[in-house]
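> missing the sequence, but the structure's below:
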């Protein structure tokens, strides 16, 4: 697959009026954040570790759609034992009971539950005798009300002498009770040469199809996608995506006009924004057809000292974004990065609408 990108780019990284600092500590690394927006369209939670993936889980709340944020909230004591990136989700069970779930990966994957919209939380407890990385990377509700949650499994977690067993496997687990209990892991996809991980769930606008975008960690391929037309019972073979959608830890939302906004860490080899925090604008049909989409956006510039090399390719220590759509059509996307020279990473939100971004596109004649 080509590494060329042929769609326009928009750069809002210098528009500081769009940026809101969620949390910053000049002495500590604040990393991989996820968010959740409650049904009132205003209450938002952000959770992230103090460290690169591992460390004390922190939690903050916004009561105004991400414009301002609380102090760090009290959390259960054993959240300090987290070994992976925390992720947070809303679930609604078949009786209409609403919960918030927070996951922490490695072996075993653990979960905490809030029954009161995040005011109180349980301790982290194992959901089964299995492990995973970036668990859960994504979650989707099926038409029957069940949930599928996805993670990637590094064979080194399971093989006693796993140094040579470097194959990444994407798996999912199912819950029929709104996330209180989960079944055994089910194989979703893997690749003989590519290293597929960090899945992102997208459902088609008509609800009939599911796409999973996948990070490619060997840096020898573009990102990948798989599809299901039977509510996750089976999946198509992995297929490379265009370079325009190549990156790490994709998160996507449908916007009111039917387009998709997908945000991620840019890992397209020929991108002018390589290793920065970016977004892609297009449609679900673009993904199905293998088209490049409409345009890309640089959200923030990851400073050079935060970049490093893997297999000869530069990658940035940023991304892993949360993404929420407010009732007025504003997209609020939140992540960590090296936003200031010589400072550790910190958490920032960027706010925008697609109408604003459309207005920045170059005029064609």
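Looks like it arrived, so ask away. Since the model is a prediction, treat every value here as computed from it, not as a measurement.
> can you show me the strands along the stretch 51-200 of the chain?
Assigned by DSSP state E, counting those that start in this stretch, the strands in the stretch 51-200 of the chain fall at 57-62, 87-92, 98-104, 110-114, 125-126, 133-141, 147-154, 168-175, 186-189, 196-203.
> partners of the third one, with directions?
In the sheet, strand 98-104 lines up against strand 87-92 (antiparallel), strand 110-114 (antiparallel) (DSSP bridges).
> show me the contact partners of the shortest one.
Put plainly, it is strand 110-114. Residues outside strand 110-114 that contact it (C-beta atoms under 8 Å, 6 or more residues apart in numbering): 76, 79, 99-104, 120-127, 179-180, 182. The way it works is simple: take the backbone N, C-alpha and C, and place the C-beta from them, glycine included.
> thinking in terms of the whole chain, how far from its middle is that strand?
Relative to the chain's own centre, strand 110-114 is displaced by 18 Å; criterion: C-alpha atoms, centre = their mean, to the nearest Å.
> pull the contacting residues for residue 208.
Contacts for residue 208 (C-beta under 8 Å, 6+ apart) come out as residue 229.
> can you confirm it is in a strand?
No. Judged by DSSP: H, G, I helix; E, B strand; the rest coil, residue 208 forms no part of a strand; its state is coil.
> ok, and the helix or strand in this structure with the lowest average confidence?
Within the chain, no helix or strand scores below strand 307-310, which has a mean of 53 by mean pLDDT, DSSP states H and E.
> for the closest residue in space to residue 110 that isn't next to it in sequence, give me phi and psi.
The shortest distance from residue 110 to any non-neighbouring residue, by C-beta to C-beta, 6 or more residues apart in numbering, is to residue 124 (4.0 Å). Phi and psi for residue 124, reported as degrees, to the nearest 10, are phi -70, psi 130.
> so residue 124 touches residue 84, yeah?
No. Applying C-beta atoms under 8 Å, one finds residue 124 not in contact with residue 84, separated by 10.8 Å.
> mutual contacts of the two, please.
residue 104.
> quick one: the strands in the stretch 201-350 of the chain, in order.
Counting by DSSP E, counting those that start in this stretch, one finds strands in the stretch 201-350 of the chain at the ranges 210-216, 224-228, 239-240, 247-254, 260-266, 277-282, 295-300, 307-310, 313-316, 319-325, 331-337, 346-352.
> TSV for those strands, including mean neighbour count?
Formatted as TSV, the strands of the stretch 201-350 of the chain follow (neighbours: other C-beta atoms under 10 Å):
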stretch	mean neighbour count
strand 210-216	25
strand 224-228	21
strand 239-240	16
strand 247-254	24
strand 260-266	25
strand 277-282	27
strand 295-300	24
strand 307-310	12
strand 313-316	18
strand 319-325	24
strand 331-337	26
strand 346-352	23
